[in-house]
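J.: only geometry, no sequence info:
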DNA sequence: AAGACATATGCAACTATTTGCATATAAGAT
DNA sequence: ATCTTATATGCAAATAGTTGCATATGTCTT
């Protein structure tokens, strides 16, 4: 109840602008918050359940033919207030817990080549992420000044993703130079 | 049991080189793995307990005058084997879940100034971390070639910390430029 | 026809981390 | 004298996240 529970508030933020089902939220997470937050569908569905129980969102059933009912959630007044309250309170500085670095630290116990292989795999993933982010940036930059306006803050979060990935890849190059020597 | 449990293996890595008590491990975490892993004392003590129960480490009691007994843990053969096994298996790409970015994304709901204040606080912390890392780098770089040798891999993990913090601060500057405009 | 992929939802068990509490001593600073 | 910091350990409860399983349909590909 203190300063954490960011996933709940991230969901509230997304619902603040636009209602949606669990599945919608999952897609929005990937498309809009993917550069700094990751959540599985299980996590999202269970958080939606508790948010609903707590009265921070409500829910209407949209029957569909063939497929299961779509549960569409929307913000309540209580939810809005809770979100604003959270936004006012300071959050903790995010912490890195990177398993690849644990391995690197213990690297004297394994084969240099194996290390390099795994590094290459991670590099591929990071490169792909960077490419995705850069493509999104191009989309934003192509907008007219007035159309940019509502996306200025989300764009800043995208910049975080870009700078983060670039730093990662720069580091990977340093490591490769070392491993090849 | 699959690919995670990095904290346990980080502890094993530290004990592989040198035995130690929970308190020792806590300090070593801060000094040596702090640029990419963070663990509280509660976490370390409880992990040590389960590692001990699982026979991956053993423990001798060192009575001390006045203070509670020091429980000194050391690696077992089983622990060593488990560590090597883990090192062979691929780890997952680390994920970022940064609450400050959630706020930034929802920034239109709050006061620009409040945002800037919180950003400044985070910036101070990141700056302090970068300074610590740079000081450690200077220590390493001042060593002779032969003395550098055993610290080459830990140095690479330090580089990750440095590049990561620099990227964060660069981002913060972009954000400040925007918020001041 | 079989397989993959997208839509759409969720439970259960486990692992990981945080927060709050609890105890006890010694050394050094204000 | 009191306060802070360091040494030294741990439990319990809550929150957060992962992994595996489960169901059911529609479309598109091989």
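T.: Happy to help now that I have it. Here the structure is a predicted model, which is why all the values come from computation and not from measurement. Numbering: from 1, shown residues only, chains lettered A, B, ... in the order given.
J.: Just checking: what are the partner strands of the helix or strand bottoming out on mean pLDDT in chain A?
T.: Between all helices and strands in chain A, the lowest mean by mean pLDDT, DSSP states H and E belongs to strand A:57-62, at a mean of 90. Taking DSSP bridges as the criterion, strand A:57-62 pairs within the sheet with strand A:70-75 (antiparallel).
J.: got a list of contacts for the partner strand?
T.: The contact list for strand A:70-75 (CB atoms under 8 Å, 6 or more residues apart in numbering or on different chains) reads A:12, A:15-16, A:19-23, A:25, A:48, A:51-52, A:56-62, A:64. (Glycine included, C-beta is placed from N, CA and C.)
J.: Give the ChimeraX command for selecting the buried subset of those residues.
T.: Buried members of the contacts of strand A:70-75, defined by 16 or more other CB atoms under 10 Å in any protein chain shown, are picked up in ChimeraX with:
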select /A:12,15,16,19,20,21,22,25,48,51,52,56,57
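J.: Look up phi and psi at the residue nearest the centre of chain A.
T.: Among the residues of chain A, the smallest C-alpha distance to the mean C-alpha position (CA atoms, centre = their mean) belongs to residue A:37, namely 2.1 Å. Dihedral angles of residue A:37 (phi, psi; degrees, to the nearest 10) stand at phi -150, psi 140.
J.: so it touches residue B:104, yeah?
T.: No: Residue A:37 sits out of contact with residue B:104 when judged by CB atoms under 8 Å, with a separation of 11.4 Å.
J.: any idea of the pLDDT on residue A:63?
T.: The pLDDT attached to residue A:63 in the predicted structure is 71.
J.: er, residue A:66 I mean
T.: The model's pLDDT for residue A:66 equals 58.
J.: can you check residue A:96 too?
T.: Model confidence at residue A:96, expressed as pLDDT, equals 88.
J.: go on, residue A:75?
T.: Per-residue confidence for residue A:75 comes out at a pLDDT of 96.
J.: swap in residue A:1?
T.: pLDDT, the model's per-residue confidence, is 45 for residue A:1.
J.: next one: residue A:86
T.: The score at residue A:86 is 94. That number is its pLDDT.
J.: Please identify the helix or strand for it.
T.: Secondary-structure element containing residue A:86, defined by DSSP states H and E: helix A:77-88.
J.: Mind listing what's buried along that helix?
T.: Of the residues in helix A:77-88, those scored as buried under the neighbour-count criterion (16+ other CB under 10 Å) are A:79, A:82-83, A:86-87.
J.: Just the closest of the residues you listed to residue B:121, please.
T.: Sorting these by how near they are to residue B:121, with CB to CB, puts residue A:87 at the top with 15.0 Å.
J.: For the residue lying closest to that closest one once chain neighbours are set aside, what are phi and psi?
T.: If you skip the residues right next to it in sequence, residue A:87 has residue B:110 as its closest partner in space, 4.8 Å away by CB to CB, 6 or more residues apart in numbering or on different chains. Main-chain torsions, residue B:110, degrees, to the nearest 10: phi -130, psi 170.
J.: so what's the closest residue to residue A:41 other than its chain neighbours up against?
T.: Closest residue to residue A:41 in three dimensions, ignoring its sequence neighbours and counting by CB to CB, 6+ apart: residue A:26, at 5.1 Å. Each residue near residue A:26 by CB under 8 Å, 6+ apart is listed here: A:39, A:41, A:44.
J.: Roughly how far does residue A:21 sit from residue A:148?
T.: Residue A:21 sits 29 Å away from residue A:148, taking CB to CB, to the nearest Å as the criterion.
J.: Read off the pLDDT value for the residue nearest to residue A:41.
T.: pLDDT recorded at residue A:26 is 96.
J.: Against the centre of chain A, work out the most remote residue.
T.: Here chain A has its C-alpha centre computed as a mean, and the residue farthest from that point, by CA atoms, centre = their mean, is residue A:181 with 36.2 Å.
J.: Between the buried residues of helix A:77-88, which sits nearest residue A:133?
T.: For those, the residue nearest residue A:133 by CB to CB is residue A:87; the value is 24.8 Å.
J.: Next up, the contacts around the closest one.
T.: By CB under 8 Å, 6+ apart, the neighbours of residue A:87 are A:9, B:103, B:106, B:109-110.
J.: Show me the one in these that has more neighbours than the rest.
T.: residue B:103 (27 neighbours; other CB atoms under 10 Å in any protein chain shown).
J.: Please tell me I have it right and that residue contacts residue B:109.
T.: No: proximity of residue B:103 to residue B:109 does not meet the contact threshold set by CB under 8 Å, at 9.1 Å.
J.: Are the helix or strand where residue A:102 lies and chain B in contact anywhere?
T.: Element membership of residue A:102 [criterion: DSSP H and E] is helix A:99-105. Yes: using CB under 8 Å from any CB of the partner chain, helix A:99-105 reaches chain B at A:99-105.
J.: Run the chain-centre distance for stretch A:85-100.
T.: Going by CA atoms, centre = their mean, to the nearest Å, the spacing between the C-alpha centre of stretch A:85-100 and its chain's C-alpha centre is 13 Å.
J.: for stretch A:152-167, same thing?
T.: Stretch A:152-167 has its C-alpha centroid displaced from the chain centroid by 12 Å (CA atoms, centre = their mean).
J.: Is any residue of it near chain B?
T.: Yes: residues of stretch A:152-167 are located near chain B by CB under 8 Å from any CB, namely A:152-154, A:156-157, A:159-160, A:163-164, A:166-167.
J.: In helices, which of those residues fall?
T.: Among those, DSSP state H puts A:152-154, A:156-157, A:159-160, A:163-164, A:166-167 in helices.
J.: Including distance to residue B:124, secondary structure and pLDDT, could the contacts of residue A:26 go into JSON lines?
T.: Conversion of those to JSON lines gives the following (distance: CB to CB, whole Å; DSSP: H, G, I helix; E, B strand; the rest coil; pLDDT from 0 to 100):
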{"residue": "A:39", "distance to residue B:124": "29", "secondary structure": "coil", "pLDDT": "93"}
{"residue": "A:41", "distance to residue B:124": "37", "secondary structure": "helix", "pLDDT": "96"}
{"residue": "A:44", "distance to residue B:124": "34", "secondary structure": "helix", "pLDDT": "97"}
